[in-house]
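A.B. asks: turn this into a structure:
(one chain, ligands or ions: 1)
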Amino acid sequence: MLTSKPFSGSGWVDSHCHLNDIPHLNENLEQAESAGIRQFLVPGTHFDQWAQVSSLHSGRIACSYGTHPWFVTDPDIEEQRLTHYLSQHKACAVGEIGLDFYPAINPRPDRVLQLESFARQLSVAQQTQLPVIIHSVRAHQETVRLLKQQPAVRGVIHAFNGSIEMAQDYISVGFLLGIGPQLLRSEKLQRTVAQCPLDRLLLETDAPFMARPGSQGNPLLDLIAVGERMATLFAIPVTDIQRQLTRNTHELFF
Ligand SMILES: [Zn+2]
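C.D. replies: Sure, this is the predicted structure:
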């Protein structure tokens, strides 16, 4: 495990990675640190896993807690558990929470249940004054509608992969966009990102779930490839991308 040296403010920050699901974690973290990735945010996705996430907390690893839309079952209990857990553990955000209306083979939880749980967790974020990390799939209008009901809540739309119009909707309600390895594959996303204000973007890997083919077995290193691609899109030096996106992440979460 990494030591808790104070974070210097330079280097890359991975604003969304599931370190608890990464095999050979210590080796991969050391390699990522040597490559210049200095800080990691690990979102918890369901109550049974929050303790495992919080055990990773250190000077370089920040944590957040929430019930992901795939795992919602009872909005009352989810709200109570979240409020209680946040009163006992250090968290930099509520998340990941949100809506997923993708018609998957394994049906997602009922839409009404997802909407209720998402709304309750947004109000916990509002009460605790924490930013939120949002998973939104095929649920853009509903996500924006709920965010407008909580105008004080800020956060990030994680793994953003939508159109410029969708990006503008989120930016207009005070949200940032988390950009991950999809940027390396999608020309449409590249065009969208190139039109976004740089101070509204964050970098993330969502490791290990979005790993691109050929990422040398360490999905954390994809962060740098995404940052480099972004530098090309904006036609500015990689160090400027790193500085700006690290600053964005710190302003939102730390
Ligand atoms: Zn995630």
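A.B. asks: so residue 62 touches residue 92, yeah?
C.D. replies: Yes - the criterion here is CB atoms under 8 Å, and residue 62 meets it with residue 92 at 4.4 Å. Yep, even glycine has a C-beta here, placed from its N, CA and C like the rest.
A.B. asks: need the residues touching each of these two.
C.D. replies: Common contacts of residue 62 and residue 92, defined by CB atoms under 8 Å, 6 or more residues apart in numbering, comprise 41, 253, 254.
A.B. asks: and the buried ones among these, selectable in PyMOL?
C.D. replies: Under the burial definition 16 or more other CB atoms under 10 Å, those of the shared contacts of residue 62 and residue 92 that qualify are selected in PyMOL by:
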select buried, resi 41+253
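A.B. asks: the strands in the protein, which residues?
C.D. replies: 12-14, 37-43, 61-65, 93-100, 132-137, 155-157, 175-179, 201-203 (DSSP state E).
A.B. asks: angle of the fifth one against strand 61-65?
C.D. replies: Read that as strand 132-137. 70 degrees (axes from the mean of the first three to the mean of the last three CA atoms, to 10 degrees).
A.B. asks: what about strand 132-137, average pLDDT?
C.D. replies: The pLDDT scores in strand 132-137 average 98.
A.B. asks: just for this protein, where's the confidence low?
C.D. replies: 1-9, 212-216 (pLDDT under 70).
A.B. asks: swap in 50 and give it another go.
C.D. replies: Residue ranges of the chain with pLDDT under 50: 1-8.
A.B. asks: all helices of it, in order?
C.D. replies: Using DSSP state H, the helices found in the chain span residues 25-34, 47-54, 75-88, 111-128, 140-148, 164-172, 182-185, 187-194, 222-234, 238-253.
A.B. asks: out of the ones you listed, which is closest to residue 154?
C.D. replies: Closest approach to residue 154 among the helices of the chain (CB to CB): helix 238-253, 6.7 Å.
A.B. asks: which neighbouring elements make contact with the closest one?
C.D. replies: Here helix 238-253 touches strand 12-14, strand 37-43, strand 201-203, helix 222-234, going by 3 or more CB pairs under 8 Å, 6 or more residues apart in numbering; DSSP states H and E.
A.B. asks: that one vs strand 132-137, what angle?
C.D. replies: Here helix 238-253 runs at an angle of 110 degrees relative to strand 132-137 (the same axes, to 10 degrees).
A.B. asks: against residue 234, how distant is residue 240?
C.D. replies: To residue 234, residue 240 is 8 Å away according to CB to CB, to the nearest Å.
A.B. asks: give me the more crowded residue out of the two.
C.D. replies: Ranked by neighbour count (other CB atoms under 10 Å), residue 240 and residue 234 place residue 234 first, with 16 against 12.
A.B. asks: surely the more buried one meets residue 198?
C.D. replies: Yes - using CB under 8 Å, residue 234 makes contact with residue 198 at a distance of 6.4 Å.
A.B. asks: related to what we said a few turns ago, can you redo the helices of the chain as TSV with distance to residue 13?
C.D. replies: As requested, the helices of the chain are arranged in TSV below (distance: least, CB to CB, whole Å):
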stretch	distance to residue 13
helix 25-34	11
helix 47-54	17
helix 75-88	22
helix 111-128	21
helix 140-148	24
helix 164-172	20
helix 182-185	16
helix 187-194	18
helix 222-234	8
helix 238-253	5
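A.B. asks: which stretch among these comes nearest residue 11?
C.D. replies: With CB to CB, the closest approach to residue 11 among these belongs to helix 238-253: 7.0 Å.
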